[in-house]
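Peer 1: heads up, no residue letters with this:
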């Protein structure tokens, strides 16, 4: 019985069946964890690991991070890899009723299509849709994504003389040199007059909310456009934080910073009134933990999810990038993106080369706005989408 595995910078505890409900724990689980903890491995090695996960861990229906241990506040760290407990998630028929089982099985055997997903949406068959949003959903609002060569945010930061592009969101670097982030935040701060407005992709999520079929929207974006679009507070998880509140960066203080917004919009470095340390908006920097809301909701949400929609993301930043691999085995997944990425790409290779399964994925290549327009037209929600968008555009 494996009790502990030592990994670089991390001790990950894997408990056996008697303590966590893992049934049929197998050595292949170790191989399945390789791509998450050793991202520098080649694509071929990652693919092999993912194949082993699918092929040899049949008793495990998904790996889901639950509330973590030992990160200071009990949260998930976006940079320091923290403790994960992996549990066997038995999907409740992916949210479908028993009357629908035969129809679902036929769809899986024949392969999911955009038309079949649209048809089931039009008949209100999906009740617990989970949406994962990335920076690509905000590109048409005039905001750059992060990694597109030439136009991505990281490529436009050269004037700040950063040691590396990601340093603008590095907490230790911010404490030493906050000015680059201050200038960037001044441009990005949501809600400014003449600033970015929600896109069709954001309005689509609001429409799902209005149709009472949205379980949760997990956004990696910090632009606040989901809020501006009118997505309900209880349906929205801003995984990387937001600009709506600010606090001191001193761990011993953490006082609310009421003057942070005004200082940044005036290009001033904001300081804490209580201890004098620099303050910042409550967006998640590298080295900080994700919001508690993410930790409390994610496990139940991926178990209940009956349709996953992923919009405009490279699926490179964990733990949000892991959501597609955590939903139930038979949960259909729709990716609207410029490239086939993450677990979608891995599963496409598995289905093509290994066979013996079903294709639950649909990849709609292109921009997010065009993709949501296409699917809304197929559903019969074209006019509804236009109305929802006019309210917020």
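Peer 2: Sure, I can see it. Worth saying up front: this structure is predicted, and the values here are computed from it rather than measured.
Peer 1: does residue 115 sit in a helix, a strand or a coil?
Peer 2: Three-state secondary structure (criterion: DSSP: H, G, I helix; E, B strand; the rest coil) places residue 115 in helix.
Peer 1: Enumerate every residue touching it.
Peer 2: residue 378 (C-beta atoms under 8 Å, 6 or more residues apart in numbering). All C-beta atoms are positioned from the backbone trio N, CA, C, and that covers glycine.
Peer 1: quick one: it from residue 213, how far?
Peer 2: Look at residue 115 and residue 213: by C-beta to C-beta, to the nearest Å, they are 18 Å apart.
Peer 1: Equivalent analysis for residue 300, please.
Peer 2: When residue 300 is compared with residue 213 (using C-beta to C-beta), they lie 17 Å apart.
Peer 1: Which one's more surrounded, the two?
Peer 2: Set residue 300 next to residue 213 and count neighbours by other C-beta atoms under 10 Å: residue 213 wins out with 17 against 13.
Peer 1: Can you list phi and psi of the more buried one for me?
Peer 2: With angles defined as degrees, to the nearest 10, residue 213 sits at phi -120, psi 0.
Peer 1: my guess is it meets residue 125, correct?
Peer 2: No: if you go by C-beta atoms under 8 Å, residue 213 and residue 125 don't touch, sitting 9.1 Å apart.
Peer 1: For stretch 250-268, give me every contacting residue.
Peer 2: With contact meaning C-beta under 8 Å, 6+ apart, stretch 250-268 is reached by 72, 182-183, 185-186, 189, 192, 243, 245-248, 269-275, 277, 279-281.
Peer 1: again, but for stretch 204-214
Peer 2: By C-beta under 8 Å, 6+ apart, the residues outside stretch 204-214 that reach it are 121, 124, 126-129, 131, 133, 198, 217, 226, 229-232, 235, 372, 376, 381, 384-385, 388, 392.
Peer 1: same deal with stretch 166-184?
Peer 2: Applying C-beta under 8 Å, 6+ apart, the contact partners of stretch 166-184 are 154, 157, 160, 162-163, 249, 264, 267-270, 277-278, 280, 283, 285-288.
Peer 1: hmm, which of the residues you listed are the buried ones?
Peer 2: 154, 157, 162, 249, 264, 270, 277-278, 280, 283, 285-286, 288 (16 or more other C-beta atoms under 10 Å).
Peer 1: helices or strands up against the longest strand along the chain?
Peer 2: Secondary structure of the chain per DSSP state E: the longest strand is strand 241-248. If you count contacts as 3 or more C-beta pairs under 8 Å, 6 or more residues apart in numbering; DSSP states H and E, strand 241-248 packs onto helix 260-265, strand 279-283.
Peer 1: Give me the angle between that strand and strand 279-283.
Peer 2: Strand 241-248 runs at 150 degrees relative to strand 279-283, counting by axes from the mean of the first three to the mean of the last three C-alpha atoms, to 10 degrees.
Peer 1: mind checking how far residue 134 is from residue 339?
Peer 2: Taking C-beta to C-beta, one finds residue 134 at 11 Å from residue 339.
Peer 1: Check residue 205 too.
Peer 2: Residue 205 is 21 Å from residue 339, by C-beta to C-beta.
Peer 1: got it, and residue 211?
Peer 2: 29 Å.
Peer 1: Next: residue 265.
Peer 2: Going from residue 265 to residue 339 by C-beta to C-beta gives 35 Å.
Peer 1: Then residue 226?
Peer 2: In terms of C-beta to C-beta, residue 226 sits 23 Å off from residue 339.
Peer 1: ok, those two, which is more surrounded?
Peer 2: Neighbour count, other C-beta under 10 Å: between residue 226 and residue 339, residue 226 has more, with 27 against 13.
Peer 1: picking up where we left off before, any chance of the helices and strands packed on strand 241-248 in TSV, plus distance to residue 353?
Peer 2: Formatted as TSV, the helices and strands packed on strand 241-248 follow (distance: least, C-beta to C-beta, whole Å):
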stretch	distance to residue 353
helix 260-265	50
strand 279-283	40
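Peer 1: Quick check, residue 235 in contact with residue 226.
Peer 2: No: Residue 235 is not in contact with residue 226 according to C-beta under 8 Å; the separation is 9.1 Å.
Peer 1: can you list residues touching both of the two?
Peer 2: Shared contacts of residue 235 and residue 226, counting by C-beta under 8 Å, 6+ apart, come down to residue 217.
Peer 1: What segments of the stretch 151-300 of the chain are strands?
Peer 2: Using DSSP state E, counting those that start in this stretch, the strands found in the stretch 151-300 of the chain span residues 214-219, 236-238, 241-248, 279-283.
Peer 1: what's the angle from the first one to strand 241-248?
Peer 2: Orientation note: strand 214-219 sits at an angle of 60 degrees relative to strand 241-248 (the same axes, to 10 degrees).
Peer 1: Buried ones in strand 214-219, by neighbour count?
Peer 2: Buried-residue list, strand 214-219, by 16+ other C-beta under 10 Å: 214-219.
Peer 1: Pick out the most distant pair among the residues you listed.
Peer 2: Based on C-beta to C-beta, the longest span within these runs between 215 and 219 and measures 14.0 Å.
Peer 1: Point out where the stretch 251-393 of the chain drops to low pLDDT.
Peer 2: In the predicted model, the stretch 251-393 of the chain carries pLDDT under 70 at residues 355-358.
Peer 1: now do the stretch 51-200 of the chain
Peer 2: 51-110, 144-158, 194.
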